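> sequence and predicted model, in that order:
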Amino acid sequence: MLWEPEHGGAEAAGRKDDLWVYWNAPTREDDTAAQIALVERVTHGNYQGLVLAPDQALALMTPVRRAVERGVCTVIVGSPLSIPASDRLSYILNDDEEGGRMAARRVALLLHGKGSVGVIGINPNISGIMIRARSFESYLAENYPDIHIVEKRMGSFNVPHEQQVAEEMLRSNENLDVIVALMWPSVRGAISTIENEPGKLSTKVIGFDPDALPFEANSLDSVIVQNTREMGYQAVDMIAARLHGTPMPPLVKLGPVLVTRENVNSKEVGNLTSMDWSKSP
């Protein structure tokens, strides 16, 4: 659900701009070597553009630099790299600062301004996750001093490990009100732990970057979704414009959307999360 909507947006722009889109990805989120190999394929193949959602902020820098140096118009989507924009490198990023503030406001609404929060899924390899973590923490501290972050834990793409992390957090904080999970495997781990312990059902989960919308789980309060469909559309459109001599903007930020039980069946959320890329307009 996170990246197939981007596929739809990219295909829609490709049809409009008369560009063929080759779409591929590693089979696992943490397979950075496979993603590097895909970038190298584009760099040394007959491709005029590259749209990349980097799995790892540091490891992808050198492959991206090589692509740009070889004249491949490149757009980084989702989470940034520490490479400045140039005439052949642009960024279309999720506004992770707003995502962090959005999660903080949702926590404050749930807790009426007072309570305890645990944060899991902190991943220093993904810049966007670190941005949203800092934004969440600072916004709470500035605006809701009676809401306390009682524990923070690192995250991984391994759901059983994230379940163990959630179990440990709940054991050490018996009255924990909310878990904010910054990665979807962490959301899965937290939901599984809470749903299997009836005494913990009062703890609610707010998550990011869903691969599904499992609101049948009572513990899931809400998820914050990136607009990857628009990222894909704008990225391919920007590359097409650059190939026709129009400069690419250095940076575009797209706001995420808060999805709850109240709006999950809305047209906006349906368009945002649809994985049927073949029928994208």
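Good, I have the coordinates. From a predicted model like this one, the values you see are computed outputs, not experimental measurements.
> from here on, just use CA atoms for contacts and neighbour counts.
Noted.
> okay, now the unreliable bits of the stretch 51-200 of the chain?
Scanning the stretch 51-200 of the chain for pLDDT under 70 picks out 198-200.
> which residues in it form strands?
73-78, 89-94, 115-122, 147-154, 178-181 (DSSP state E, counting those that start in this stretch).
> out of these, which comes closest to Val264?
strand 178-181 (19.0 Å; CA to CA).
> does anything pack onto the closest one? Which helices or strands?
strand 115-122, helix 184-195, strand 204-208 (3 or more CA pairs under 8 Å, 6 or more residues apart in numbering; DSSP states H and E).
> each with direction, which strands does the last one pair with?
Applying DSSP bridges to the sheet, strand 204-208 is found paired with strand 178-181 (parallel), strand 220-225 (parallel).
> would you turn these into a markdown table with mean neighbour count?
Output for the strands paired with strand 204-208, formatted as a markdown table (neighbours: other CA atoms under 10 Å):
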| stretch | mean neighbour count |
| --- | --- |
| strand 178-181 | 28 |
| strand 220-225 | 24 |
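> helix or strand for Pro210, which one?
Following DSSP states H and E, there is no helix or strand that holds Pro210.
> would you check that it makes contact with Trp3?
No: if you go by CA atoms under 8 Å, Pro210 and Trp3 don't touch, sitting 10.0 Å apart.
> quick one: which of those two has more around it?
Trp3 (23 against 20; other CA atoms under 10 Å).
> list the contacts for that one?
For Trp3, the contact set (CA atoms under 8 Å, 6 or more residues apart in numbering) comprises Thr228, Arg229.
> distance of it from Ile120?
22 Å (CA to CA, to the nearest Å).
> what about the helices in this protein?
4-17, 32-44, 61-69, 96-111, 127-143, 159-172, 184-195, 228-243, 267-273 (DSSP state H).
> okay, Val165 and Thr27: tell me how far apart.
Noted for Val165: a distance of 24 Å to Thr27, by CA to CA.
> okay, these two: which has more neighbours?
Taking neighbours as other CA under 10 Å, Val165 and Thr27 compare with Val165 leading, 21 against 9.
> wait, that one touches Arg153, no?
Yes: under the criterion of CA under 8 Å, Val165 makes contact with Arg153 at 7.5 Å.
> mutual contacts of these two, please.
Ile120.
> could I get the strands paired with strand 204-208 as JSON lines with distance to Ala241?
As requested, the strands paired with strand 204-208 are arranged in JSON lines below (distance: least, CA to CA, whole Å):
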{"stretch": "strand 178-181", "distance to Ala241": "38"}
{"stretch": "strand 220-225", "distance to Ala241": "28"}
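> what's the closest of those strands to Leu60?
Per CA to CA, nearest to Leu60 of the strands paired with strand 204-208: strand 220-225, 23.7 Å.
> count the residues that sit near Asn175.
14.
> against Met169, how distant is it?
11 Å.
> cool, and Gly14?
To Met169, Gly14 is 46 Å away according to CA to CA.
> with Ala85 instead?
40 Å.
> which residue is the nearest non-sequential neighbour of the residue nearest the centre of the chain?
Geometric centre of the chain, nearest residue: Asp209, 4.4 Å, by CA atoms, centre = their mean. Nearest residue to Asp209, sequence neighbours excluded (CA to CA, 6 or more residues apart in numbering): Val225, at 5.3 Å.
> in contact with that neighbour, which residues?
With CA under 8 Å, 6+ apart, Val225 has these contacts: Leu2, Phe208, Asp209, Pro210, Pro256, Val257, Leu258, Val259.
> switch the cut-off to 10 Å
1-2, 94, 99, 207-211, 255-259, 269, 272-273 (CA atoms under 10 Å, 6 or more residues apart in numbering).
> would you convert the strands of the stretch 51-200 of the chain into JSON lines that also reports distance to Ala53?
Shown next, in JSON lines, are those (distance: least, CA to CA, whole Å):
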{"stretch": "strand 73-78", "distance to Ala53": "5"}
{"stretch": "strand 89-94", "distance to Ala53": "9"}
{"stretch": "strand 115-122", "distance to Ala53": "18"}
{"stretch": "strand 147-154", "distance to Ala53": "21"}
{"stretch": "strand 178-181", "distance to Ala53": "20"}
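> fine by me, we can end here.
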